[in-house]
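>>> Fold the following.
(one chain, ligands or ions: 2)
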Amino acid sequence: PSSLPKPTERRVLTVANQKGGVGKTTSTVNLAAALALQGLSVLVVDLDPQGNASTALGVDHRSGVPSTYELLIGEVTIDQAIQQSPNSERLFCIPATIDLAGAEIELVSMVAREGRLKTALSDKALNELNLDYVLIDCPPSLGLLTVNAMVAAREVLLPIQCEYYALEGVGQLLRNIELVQAHLNPDLHVSTVLLTMYDGRTKLADQVADEVRKHFGDLVLRTVIPRSVKVSEAPGFGMTVLDYDPGSRGAMSYLDAGRELAERGAAMKSHQER
Ligand code: ADP
Ligand code: MG
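Ligands and ions are numbered 1, 2, ... in the order given. Next up is the predicted model:
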């Protein structure tokens, strides 16, 4: 694949939807791999105690490995927690271990509890990696971990599954984004909506896609991610679908979605210019 335009400044996207199983993790790792494969440097921050993004990227995330947990509570610095994905020299991950499961509660009593990830990510050590993109994979809840992600990012990437009740809970997510915007991070906005698990054989999938496009307009990427067995098999091999089966429809669609994301990013005005 040819190379993609670099953004004028590093883009930090939070991949959020408090519904579980809508394709957050799958989209995070495969978009990250798509951007890396097409020449950009990408960091995935795994903020889900399940650690599924870490698994798919093939990085060590056994309990005790320096991870987002230690980073958030301030026990390690970013260069101690970052790992390179074995499948790509431009793809990095701060893994999540099961230790993160307690963080939601531990963070409550901490100073500047909502801004801890942002502070960690502003570490100068990250500059050496010349990162173009940071993608943050959120847990399926709107707790302090997701708030940390929303404070650390400027953009929200919202994956929506082409299924029953697709928009259920989205209103609540948008209200939370508005709250974070009003009190913690004025720059935060939904920049990208990605339709996932599209099954062209069902009328329902088209109805959902139409409804989402009506609601979110141009924010919705033209590329739709099809439901594909290859996509769901890949993490079991510690791979993204781009490595597992590069010619598959799933891999091609994530490559296209990554391209769209990057091309839109290059067209966006930088923060200073606006
Ligand atoms: P979330 O992170 O929102 O909970 P996941 O990305 O883990 O969602 O996806 C939920 C389940 O759906 C996983 O088992 C995943 O492998 C599967 N899945 C995700 N996207 C696809 C797809 N395009 N085709 C088939 N299965 C998918
Ligand atoms: Mg997930």
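>>> which stretches of the protein form strands?
In order along the chain, the chain carries the following strands (DSSP state E): 11-15, 42-46, 83-84, 91-94, 133-137, 155-161, 189-196.
>>> and stretch 58-65, average pLDDT?
With pLDDT averaged residue by residue, stretch 58-65 scores 96.
>>> R62 is nearest to which of the strands of the chain?
strand 83-84 (12.1 Å; C-beta to C-beta). Where C-beta positions appear, they are placed from N, C-alpha and C, glycine not excepted.
>>> Partner strands of the closest one and their direction?
Its sheet considered, strand 83-84 pairs with strand 91-94 (antiparallel) by DSSP bridges.
>>> Quick one: mean pLDDT for the strand it pairs with?
Strand 91-94 comes out at a mean pLDDT of 98.
>>> Now find how far off-centre stretch 222-240 is within its chain.
Computed by C-alpha atoms, centre = their mean, to the nearest Å, the chain-centroid distance of stretch 222-240 equals 15 Å.
>>> And for A182, the neighbour number?
Each residue near A182 was counted by other C-beta atoms under 10 Å, and the total is 10.
>>> Quick check: it vs ligand 2, distance?
A182 is 27 Å from ligand 2, where distance means C-beta to the ion, to the nearest Å.
>>> One more: L204?
As it turns out, when the distance is counted by C-beta to the ion, L204 lies 23 Å from ligand 2.
>>> just Q38 next, same as before
With distances defined as C-beta to the ion, the gap from Q38 to ligand 2 amounts to 24 Å.
>>> For that residue, which non-adjacent residue is closest in space?
Residue nearest to Q38 in three dimensions, not counting chain neighbours: L4, with 4.4 Å by C-beta to C-beta, 6 or more residues apart in numbering.
>>> Is that neighbour in contact with A36, as I believe?
No. In this structure, L4 sits apart from A36 without contact. The criterion is C-beta atoms under 8 Å, and the distance is 9.9 Å.
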